[in-house]
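**Student:** test case, fold it:
(one chain, ligands or ions: 1)
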Amino acid sequence: MDNIKNTSLLSILCEPGELTLAIDNPADGSVVGYIPLQSETEIDECIRKSRLAQKLWQKRPAKERSHFLYRWYELVMENQADLARLMTLEQGKPLAESMAEVAYGASFIQWFAEEGKRAYGTTIPAHTEDRRLMTIKQPVGVAAAITPWNFPIAMITRKAAPALAAGCSFIVKPANQTPLCAYAVVELARQAGMPEDLLQVVVHHSPEKVGDIFTRHPMIRKLSFTGSTRIGRQLIAQSAETIKNTSMELGGNAPFIVFDDADIDQAVQGAIASKFRNAGQTCVCANRFYVHDAVYDQFVSRFIEAVKNIKVGNGLEEGVQIGPVIDALAKERILQKINLAVGQGATIATGGESLDGCFVEPTVLTDVQHSMSFLREELFGPVAPIVRFSNDEQLIHQANDTVYGLAAYFYSRDITRIWQVAEALEYGMVGINEGIISTELAPFGGVKQSGFGREGGQEGLEEYLETKYLCFGGIN
Ligand code: SIN
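**Tutor:** I've put the predicted structure just below:
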């Protein structure tokens, strides 16, 4: 493939055939490459091999596992440019964002290389003279993950790194739109010396089938999913049969609130970053804006000005800030939501046009009321609806008036208000005077129908560990 120096990253590519998957470039519809598809029997075989690999991996000291993870981190960073180019080709995001995602993805490997060494148990003061009590941490076992197309590397490493650090083996089913990044990053883990069966990728023509296999397979002890609430609900139901340990990072409907005492320049900057990162295709994207009446005109005019200046195009081109959305279906859904909003009384203040290919013009909608039904769901595209508010109490009610609870953002300079609002928002993550909150250092995850479990931070390792209680008797 053009300009990819480390060609070993793409050894999975094959000639087109009956049992292959074509990966399209959303920027121009060309085929990036073909990869082989696995059968159900082959996936079952991967799981069995994974179990054997896990038993051996678990026995290695945490410090040794950490060395492998460190080497993997180094290789990912050494190949940052190749991985980023591959990402832009199959996912569409601008090259600068792909470079940032590779570094973000690598940061989880580095972080968990350290955290794995700190899987501490406890000693517990005993209830009788002759007993001693303690807990130890042990790996869950074989961990499987189903990851989305919006962050083709980071959503894998933020699950795989804690799993491997904890002593689990790991199997990932990446999105069928973006499997090349998955294969490439796993190839680097192998080059870092990790056993082949320890970390595997599976791709099947039916993603639902893989979900079915993963949830029902007794050897898989942990399933981590990032994706829609609809699919998450289905996977949780299926997992009930094997009482599987699951983590769910699901949909969001993030409010972005600008209070009357906000620094408006800072708020506009944060709004652009939060809304338009990855063409608005992130679960934590600002989905609905609430701006206080006193600063509404000021914020909206500056925001529209900034949105008009965003450069849309092929992510490989210099200076492009927004690439295509993932595919034609995604584009159609976004345009339908804009039409629905307009039908409900919203006004297109800028954008709204259907561009050629999979591109959507960055769009701002005004005259939006909180009661409009289109605000209930994720827009998952570069569309910013703005609601005007004047009453703080009512605003908090509106911000929480959703089944989702992933991320929320607000801008204010009043310390009392900041604490009150931060505590009142029913979300797993809150950005205060900040539009980009993601980091490997902090726990990422939601409440309500945005899921459960945390990724990153100290909490991320716990998802892959079991606590075992040991009771020693007869000590006189
Ligand atoms: C997501 O879309 O859920 C991931 C965003 C992030 O990690 O910042």
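**Student:** three-state assignment of residue 225?
**Tutor:** Secondary structure state of residue 225, per DSSP: H, G, I helix; E, B strand; the rest coil, is strand.
**Student:** can you pull out the helices in the stretch 1-150 of the chain?
**Tutor:** Taking DSSP state H, counting those that start in this stretch as the criterion, the stretch 1-150 of the chain contains helices spanning 40-59, 62-78, 80-91, 95-115.
**Student:** for the residue nearest to the spatial centre of the chain, pull up the helix or strand it's in.
**Tutor:** Residue closest to the mean C-alpha point of the chain, counted by C-alpha atoms, centre = their mean, is residue 155 at 4.8 Å. Per DSSP states H and E: residue 155 is located in helix 154-166.
**Student:** next secondary structure after that helix?
**Tutor:** Next element after helix 154-166 (DSSP H and E): strand 169-173.
**Student:** quickly run through the sheet partners of that next one, with directions.
**Tutor:** Sheet pairing of strand 169-173 (DSSP bridges) gives strand 142-146 (parallel), strand 199-201 (parallel).
**Student:** mean neighbour count, distance to residue 41 and mean pLDDT for those - can I get that in CSV?
**Tutor:** Yep, even glycine has a C-beta here, placed from its N, CA and C like the rest. Below are the strands paired with strand 169-173 laid out as CSV (neighbours: other C-beta atoms under 10 Å; distance: least, C-beta to C-beta, whole Å; pLDDT from 0 to 100):
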stretch, mean neighbour count, distance to residue 41, mean pLDDT
strand 142-146, 27, 17, 98
strand 199-201, 22, 15, 98
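**Student:** the ones you listed: which one's closest to residue 132?
**Tutor:** For the strands paired with strand 169-173, proximity to residue 132 was assessed by C-beta to C-beta; strand 142-146 is nearest, at 31.7 Å.
**Student:** residues in contact with residue 168?
**Tutor:** The contact partners of residue 168, by C-beta atoms under 8 Å, 6 or more residues apart in numbering, come to 54, 57, 58, 139, 140, 141, 142, 143, 222, 464.
**Student:** what do you get for residue 135?
**Tutor:** Contacts of residue 135 by C-beta under 8 Å, 6+ apart are 121, 122, 124, 467, 468, 469, 470.
**Student:** just residue 165 next, same as before
**Tutor:** 62, 65, 66, 69, 112, 113, 115, 116, 119, 461, 464.
**Student:** residues near the first one, how many?
**Tutor:** One way to gauge burial is a neighbour count; for residue 62, by other C-beta atoms under 10 Å, it gives 16.
**Student:** that one reaches residue 116, doesn't it?
**Tutor:** Yes: here residue 62 reaches residue 116: they are 5.1 Å apart, a contact under C-beta atoms under 8 Å.
**Student:** could you break the chain into its assigned domains?
**Tutor:** 7-251+450-470, 254-401+407-439 (automatic domain parsing).
**Student:** now check stretch 106-124, is it near the ligand?
**Tutor:** No: shown here: stretch 106-124 not in contact with the ligand (C-beta under 6 Å from any ligand atom), separated by at least 9.8 Å.
**Student:** can you list the buried residues in that stretch?
**Tutor:** 106, 107, 108, 109, 110, 111, 112, 113, 115, 116, 119 (16 or more other C-beta atoms under 10 Å).
**Student:** what do you get for stretch 229-239?
**Tutor:** By neighbour count with 16+ other C-beta under 10 Å, stretch 229-239 contains the buried residues 229, 231, 232, 234, 235, 236, 238, 239.
**Student:** spell out which residues of the stretch 351-476 of the chain are next to the ligand.
**Tutor:** Close to the ligand, as judged by C-beta under 6 Å from any ligand atom, the stretch 351-476 of the chain has residues 438, 444.
**Student:** oh sorry, the question was meant for the stretch 1-150 of the chain
**Tutor:** residue 150.
**Student:** contacting residues for residue 268?
**Tutor:** Taking C-beta under 8 Å, 6+ apart, we find residue 268 in contact with 299, 302, 303, 306.
**Student:** would it count as being in a strand?
**Tutor:** No: counting by three-state DSSP, residue 268 is not found in a strand; it is helix.
**Student:** nearest spatial neighbour of the residue of the chain most remote from its centre, chain-adjacent residues omitted?
**Tutor:** Distance to the chain centre peaks in the chain at residue 476, reaching 52.6 Å (criterion: C-alpha atoms, centre = their mean). With C-beta to C-beta, 6 or more residues apart in numbering as the criterion, residue 476 has its nearest non-adjacent residue at 5.4 Å, and that residue is residue 130.
**Student:** so where's the stretch 101-250 of the chain uncertain?
**Tutor:** Applying pLDDT under 70 to the stretch 101-250 of the chain picks out no residues at all.
**Student:** residues contacting residue 169?
**Tutor:** 50, 51, 53, 54, 57, 141, 142, 143, 163, 197, 198, 199.
**Student:** now, which of the buried residues of stretch 106-124 sits nearest the ligand?
**Tutor:** residue 108 (9.8 Å; C-beta to the nearest ligand atom).
**Student:** go ahead and confirm the closest one touches residue 153.
**Tutor:** No: using C-beta under 8 Å, residue 108 is not in contact with residue 153, being 9.7 Å away.
**Student:** just give the nearest non-adjacent residue to residue 48, would you?
**Tutor:** Residue 48 sits nearest to residue 219 (C-beta to C-beta, 6+ apart), 6.9 Å away.
**Student:** same question for residue 183.
**Tutor:** residue 12 (4.5 Å).
**Student:** neighbours of the one you found, how many?
**Tutor:** 18.
**Student:** wait, doesn't it sit right on residue 34?
**Tutor:** No: the criterion here is C-beta under 8 Å, and residue 12 misses it with residue 34 at 9.5 Å.
**Student:** so which residues on the stretch 201-350 of the chain come close to the ligand?
**Tutor:** Selection of the stretch 201-350 of the chain residues close to the ligand by C-beta under 6 Å from any ligand atom yields 226, 249, 282, 283, 284.
**Student:** turn those residues into CSV, including secondary structure and neighbour count.
**Tutor:** Formatted as CSV, these follow (DSSP: H, G, I helix; E, B strand; the rest coil; neighbours: other C-beta atoms under 10 Å):
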residue, secondary structure, neighbour count
226, strand, 26
249, strand, 28
282, coil, 23
283, coil, 28
284, coil, 25
